[in-house]
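Peer 1: Next come a sequence and a model predicted from it.
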Amino acid sequence: MKKMKKMTREDLKTVKGGKLPQTWIAETCCGVTATTTQDWTAQQANEWRDKVEAIYCNC
């Protein structure tokens, strides 16, 4: 059995304090739902949604 290192309070603070990724959800006009966790601005996410619609839909 592998020995496990006991975590200190400082280790726990590091683990708990991490930044969660932002999730973008695109719902297209033809019913396709796509998600991504890219670190984008709202404008970049809208451009991504438009590209998803261009690939999967004929709206």
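Peer 2: In hand now; what should we look at? Numbering: from 1, shown residues only.
Peer 1: switch to C-alpha atoms for all contacts and neighbour counts from now on
Peer 2: Will do.
Peer 1: What are the boundaries of the strands in this protein?
Peer 2: 24-27, 33-36 (DSSP state E).
Peer 1: winner for burial among the ones you listed?
Peer 2: Of all these, strand 24-27 carries the top mean neighbour count, a mean of 15, counting by mean count of other Cα atoms under 10 Å.
Peer 1: still on that earlier bit, adding mean pLDDT, write the strands of the chain out as a markdown table.
Peer 2: Shown next, in a markdown table, are the strands of the chain (pLDDT from 0 to 100):
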| stretch | mean pLDDT |
| --- | --- |
| strand 24-27 | 90 |
| strand 33-36 | 91 |
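Peer 1: Figure out which of those is closest to residue 59.
Peer 2: When those are compared for distance to residue 59 using Cα to Cα, the nearest one is strand 24-27, at 12.6 Å.
Peer 1: Now tell me what touches that closest one from outside.
Peer 2: 32-38, 45, 49 (Cα atoms under 8 Å, 6 or more residues apart in numbering).
Peer 1: Please put the alpha-carbon coordinates of it into CSV.
Peer 2: Output for strand 24-27, consisting of C-alpha atoms alone and laid out as CSV, is shown next (Å, rounded to 0.1, in the frame of the first residue of the first chain):
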residue,chain,number,x,y,z
TRP,A,24,-19.7,28.9,-21.7
ILE,A,25,-22.9,27.2,-23.0
ALA,A,26,-24.0,27.8,-26.6
GLU,A,27,-27.6,27.0,-27.6
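Peer 1: so what strands line up beside it?
Peer 2: The partner list of strand 24-27 in its sheet, established with DSSP bridges, is strand 33-36 (antiparallel).
Peer 1: re earlier: would you point out the most distant pair within the contacts of strand 24-27?
Peer 2: Across the contacts of strand 24-27, the longest distance by Cα to Cα is 18.6 Å; it joins 32 and 38.
Peer 1: can you pull the contacts of the residue nearest to residue 57 when sequence neighbours are not counted?
Peer 2: The shortest distance from residue 57 to any residue other than its chain neighbours is 5.8 Å, reached at residue 30 (Cα to Cα, 6 or more residues apart in numbering). Applying Cα under 8 Å, 6+ apart, we find residue 30 in contact with 53, 57-59.
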